[in-house]
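**Student:** Pasted the sequence and its predicted model underneath.
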Amino acid sequence: MGLCKKILSISFKEKSIFRFDYLVNTLFSFFYIVLKVYLWKGLYGISGEAVSGIALNDMLVYSILSSFTAGITKTTVMNDLNESVLSGSISSNLLLPIGLKKYLFLHSVTKNIFLTLYGIIPSVLAAMLFFGFHAEISPVNLVLYVLSVIMGTLINFLYNFLFGSSVIWFRNSFFLNNINSVLLNLFSGALVPLWFFPEPMKILSVFLPFRYIVFEPIAVLLNTKSAAETAYVFAMQLFWLVFLFCAATAVWNRGRNKIMIQGG
Amino acid sequence: MREAVKESVREAVWYLRLTYVFTGKAIKAMLTYRCSFVINCISQAMDYAVAFLLMWVMISAFDSLNGWNAYEVMLLYSFSLFAYGIAGTFFFNIMNHLPGQIWKGGFDDVLVKPVKVLPYLLASSFICNYIAHITLSILVMGLCFHALEMPVTLWLLARIIRILLFGSLIYGGLFLIVSGSAFLVTKTDALFHIMFFFREVSYYPLSIFPKVIQIMATVLVPYGFINFYPLRELLGKEETGGLGYLAGWSPVAAIVFFTMACLFFNLSARQYKSSGS
């Protein structure tokens, strides 16, 4: 535990060096929320009638929450893994008295905590003040949301770690990073919620882990689901978590012995 | 007088030849890492393709966005993307490399050459990477015009080319302003953000945004002239939003803005103080 704390505090310090960059990012992440809000307002038009059972207000709440949820579940581990193998810096990470997967996870989590504190929370709060935020959120749903987001973060991390490990065999996996961001943008609901998807895309999304990263946690928070549906979401999240954990561990255990360190 | 004209023509031809030589080298360099180049292009095209797809999904669910249907909004997006691609082909590398050259003092190399700064940078900065943006935009444009049942006649084609040409000039000007400011301030990140934020704004009809953004995107950074005003006329849309009927002003706005950007770049370049060694 002490070790984890040390790693958390070191990577937190590492991030605070670039405070100013984060401030600029905060300002612009607020602007992007503004853009999204006006886009949805434009789509709903003056009448503001509910579309696919979703009213304008729910949609505005969703777009503010999705900025927050997408930010907190984000990970760059695929890129980090790729770069550390290409530059050879993975050799020093492997010497750490902690598993690489755990180390990268902690690194990713601190990055997100920092990003959330500096970038996301201020811009989301500003957006809430600016546009109003009328949502009835019960404490139970809030707890479920937090749990669901934690699982979502783990799913996203493990998925990225699993495919990022391919760098060991391919020598370069930057293209996988791109493919992944494409799938995440499309199916996670970070940009367009799955409510509005045409049927074939909705069906496809059921077989992929991405909707459980951003869309489902928010849907749970906004109380759009019955108890049984919520339970199903958690069961699916748990399934993906276990499945990806086993896959990532298996692949990593095989790959660990194969790593060729170049540079240094 | 005639001598002066002759001289500038000769100079222009010389820079064109220089561009030809540098472009040849850039293409050769790209061919050396063919596989990496192709993968890069595909992944970039996929990124934008998903953006187009999501736009289509979103607007189709609602029928229209402030009177623009999905295909019309996709046209806005593709025109902006195409103009960005053309401008990026010539200007992106200037913006990308100049700050580094200024910090490290590498810009000295350019100054000791017997060339004018801006024409030389333009001649030497060609990159092929934007082929993905350009190809994808053309495909989407074709798809949209087909879906909107607008036959692509020669006349329409000429109008499209005119819009894209002036749009590229505006993007070129924006690239130059961001690059030029690198001479004045150490970090150009904020300007970079502004440029990309308004690029995102330009993907949608300007009329959905609050008046202040509409004015900024017309006067301050003339994104409205890249696609919104000219396309509104081309598609025969109602004249709502923006600052009124401005389609006819696009060429003027583009030429004035680009000239001002060049002047700004040249004036800023004079502030360059060599650092490093």
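**Tutor:** Good, I have the coordinates.

**Student:** Which parts of the chain are helices?
**Tutor:** Went with chain A since none was named. If DSSP state H is used as the criterion, the helices of chain A fall at A:2-16, A:19-44, A:56-73, A:77-87, A:90-94, A:100-115, A:121-131, A:139-164, A:167-170, A:174-187, A:199-206, A:215-221, A:227-256.

**Student:** ah, no, chain B please
**Tutor:** Using DSSP H, the helices found in chain B span residues B:2-32, B:34-62, B:70-104, B:108-111, B:117-124, B:131-147, B:154-181, B:189-201, B:211-215, B:228-234, B:250-269.

**Student:** For chain A, find the nearest of these.
**Tutor:** helix B:34-62 (3.5 Å; CB to the nearest CB). Where C-beta positions appear, they are placed from N, C-alpha and C, glycine not excepted.

**Student:** mind listing what's buried in the closest one?
**Tutor:** Buried residues in helix B:34-62, counting neighbours by 16 or more other CB atoms under 10 Å in any protein chain shown, are found at B:37, B:40-41, B:43-59, B:61-62.

**Student:** Equivalent analysis for stretch B:106-116, please.
**Tutor:** By neighbour count on 16+ other CB under 10 Å, the buried set for stretch B:106-116 is B:107, B:110, B:115.

**Student:** list the contacts for the last one?
**Tutor:** Same thing as B:Val115. By CB atoms under 8 Å, 6 or more residues apart in numbering or on different chains, B:Val115 lies in contact with B:Leu18.

**Student:** Just the pLDDT for it.
**Tutor:** The predicted local confidence for B:Val115 comes out at a pLDDT of 84.

**Student:** Likewise for the second one?
**Tutor:** Residue-level confidence at B:Val110 comes out at 82, pLDDT.

**Student:** That one and B:Tyr120 touch, don't they?
**Tutor:** Yes: contact criterion CB atoms under 8 Å: B:Val110 and B:Tyr120 qualify, at 6.4 Å.

**Student:** so how many other residues sit close to the residue in the stretch 101-250 of chain B that chain A sits nearest to?
**Tutor:** Residue of the stretch 101-250 of chain B nearest chain A, by CB to the nearest CB: B:Ile208 (3.2 Å). By other CB atoms under 10 Å in any protein chain shown, 23 other residues sit near B:Ile208.

**Student:** Stretch A:69-84: how far from the chain's middle?
**Tutor:** In terms of CA atoms, centre = their mean, to the nearest Å, the centre of stretch A:69-84 is found 9 Å from the chain centre.

**Student:** buried stuff in that stretch?
**Tutor:** Of the residues in stretch A:69-84, those with enough neighbours to count as buried (16+ other CB under 10 Å) are A:69-82, A:84.

**Student:** Around B:Thr10, how many other residues sit close by?
**Tutor:** One correction, residue B:10 is Arg, not Thr. By other CB under 10 Å, 9 other residues sit near B:Arg10.

**Student:** Over to A:Trp195?
**Tutor:** A:Trp195 has 18 neighbouring residues, counting by other CB under 10 Å.

**Student:** what sits against the closest residue to it other than its chain neighbours?
**Tutor:** Residue nearest to A:Trp195 in three dimensions, not counting chain neighbours: A:Ser52, with 5.0 Å by CB to CB, 6 or more residues apart in numbering or on different chains. A:Ser52 makes contacts with A:195-196, B:61, as judged by CB under 8 Å, 6+ apart.

**Student:** Enumerate the residues of the stretch 1-150 of chain B near chain A.
**Tutor:** Listed as neighbours of chain A in the stretch 1-150 of chain B under the rule CB under 8 Å from any CB of the partner chain: B:39-40, B:42-44, B:46-47, B:50-51, B:53-54, B:57-62, B:65-66.

**Student:** go again using 7 Å as the cut-off
**Tutor:** Within the stretch 1-150 of chain B, the residues that sit near chain A (CB under 7 Å from any CB of the partner chain) are B:39, B:43, B:46-47, B:50, B:54, B:57-58, B:61-62, B:65-66.

**Student:** Pipe those into CSV and attach pLDDT per row.
**Tutor:** Compiled in CSV, the residues of the stretch 1-150 of chain B next to chain A are given as follows (pLDDT from 0 to 100):
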residue, pLDDT
B:Ile39, 84
B:Ser43, 86
B:Met46, 90
B:Asp47, 89
B:Val50, 92
B:Leu54, 92
B:Val57, 91
B:Met58, 90
B:Ala61, 87
B:Phe62, 86
B:Leu65, 87
B:Asn66, 84
